[in-house]
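Peer 1: Take a look and give me a structure for this.
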Amino acid sequence: MDWLMGKSKAKPNGKKPAAEEKKMYLEPEYAKSRITDVGFKELVVLPREIDLNEWLASNTTTFFHHVNLQYSTISEFCTGEACQTMAVCNTQYYWYDERGKKVKCTAPQYVDFVMSSVQKLVTDEDVFPTKYGTSLPWCWNHVKER
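Peer 2: Predicted coordinates for the structure are as follows:
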């Protein structure tokens, strides 16, 4: 079972695995391409015939899911022991609980609190309705088209 858990390079039949295949995305010609070479304004333009509030709601939930995926790729490296506080440069971040009490927590705990709060918000049918014919709540009305 060690091979299954990644503790051994040998396969169950005792043979060594084939040489690792070349990862094209690590090759210099591909690695030098950057996402900043794309025109971001073109990526986020409001499509014709789409309601601005619907578009914002859809992109907000999609953005949340992408952030969640991104964090999942580094979460194994940012443990409570490795990242004992949520800090950037000289700024320490604290979580405030539902009673407004400041809570010192590890970076993974902080991210979990944030992601859980956002998850609760984006799955709230009163804020982001998903049923056909349901209009967005009044709080979205302050968003105006430019």
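
Peer 1: Spell out for me which residue occupies the centre of the protein.
Peer 2: In the chain, the residue lying closest to the centroid (C-alpha atoms, centre = their mean) is Val67, at 1.3 Å.

Peer 1: Is that one within a helix or a strand, and which one?
Peer 2: Assigning secondary structure by DSSP states H and E places Val67 in helix 52-74.

Peer 1: Past that helix, which element shows up next along the chain?
Peer 2: strand 86-88.

Peer 1: Give me the residues contacting that next one.
Peer 2: Strand 86-88 is contacted by residues Gln92, Tyr93, Tyr94, Cys105, Thr106, Ala107, Tyr110, Val111 when judged by C-beta atoms under 8 Å, 6 or more residues apart in numbering. Using the backbone N, CA and C atoms, a C-beta is placed for each residue, glycine as well.

Peer 1: residues touching the residue lying closest to Cys105 once chain neighbours are set aside, list them.
Peer 2: Nearest non-adjacent residue to Cys105, counting by C-beta to C-beta, 6 or more residues apart in numbering: Trp95, 5.6 Å away. Trp95 makes contact with Lys102, Val103, Cys105, Gln109, Tyr110, Phe113, Val114 under the criterion C-beta under 8 Å, 6+ apart.

Peer 1: Thanks again, I'm all set now.
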